[in-house]
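Novice: Sequence and predicted structure below; questions after.
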Amino acid sequence: DGGFRGGRDGGGFRGRGGGRFSGGGFRDEGPPSEVIEVSTFMHACEGDAVTKLTNEKIPFFNAPIYLQNMTQIGKVDEIFGPINES
């Protein structure tokens, strides 16, 4: 699926920047046909949600984050921690 799709418990980062990119511009592709859990919510930190990866796929930056009901709740802002601990 190539992106970070929000998980159970509303998991995901709140994303900063309002969806604007320099250069090519922003294109909203709408909700996906399905969502796949890749993280679970751990705690909030300075207005962002911190989640733990539950899937072997690592999300990419600015990937949209969706709840199970296909509602977009944000974008991936930062990824931290070792890549071999999923």
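Specialist: Looks like it arrived, so ask away. Numbers count the residues shown, from 1 in each chain.

Novice: Would you confirm that Gly74 contacts Tyr66?
Specialist: No. Counting by CB atoms under 8 Å, Gly74 does not reach Tyr66; the two are 9.3 Å apart. In this view, the C-beta of every residue, glycine as well, is placed from N, C-alpha and C.

Novice: Phe41: which element?
Specialist: Using DSSP states H and E, Phe41 sits in strand 39-45.

Novice: which strands and helices sit next to that strand?
Specialist: strand 48-53 (3 or more CB pairs under 8 Å, 6 or more residues apart in numbering; DSSP states H and E).

Novice: Would you list the strands that the strand it packs on pairs with, along with their directions?
Specialist: Strand pairing for strand 48-53, using DSSP bridges, gives strand 39-45 (antiparallel).

Novice: Kindly export the partner strand (C-alpha atoms) in PDB.
Specialist: Written as PDB, here are the backbone C-alpha positions of strand 39-45 (Å, rounded to 0.1, in the frame of the first residue of the first chain):
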ATOM      1  CA  SER A  39       0.500   1.200  14.500                       C
ATOM      2  CA  THR A  40      -1.200   1.600  17.800                       C
ATOM      3  CA  PHE A  41      -1.600   4.700  19.900                       C
ATOM      4  CA  MET A  42       0.900   5.000  22.800                       C
ATOM      5  CA  HIS A  43       0.500   8.600  24.200                       C
ATOM      6  CA  ALA A  44       0.200  12.200  23.200                       C
ATOM      7  CA  CYS A  45       3.200  14.500  23.200                       C
END
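
Novice: Done for today, thanks.
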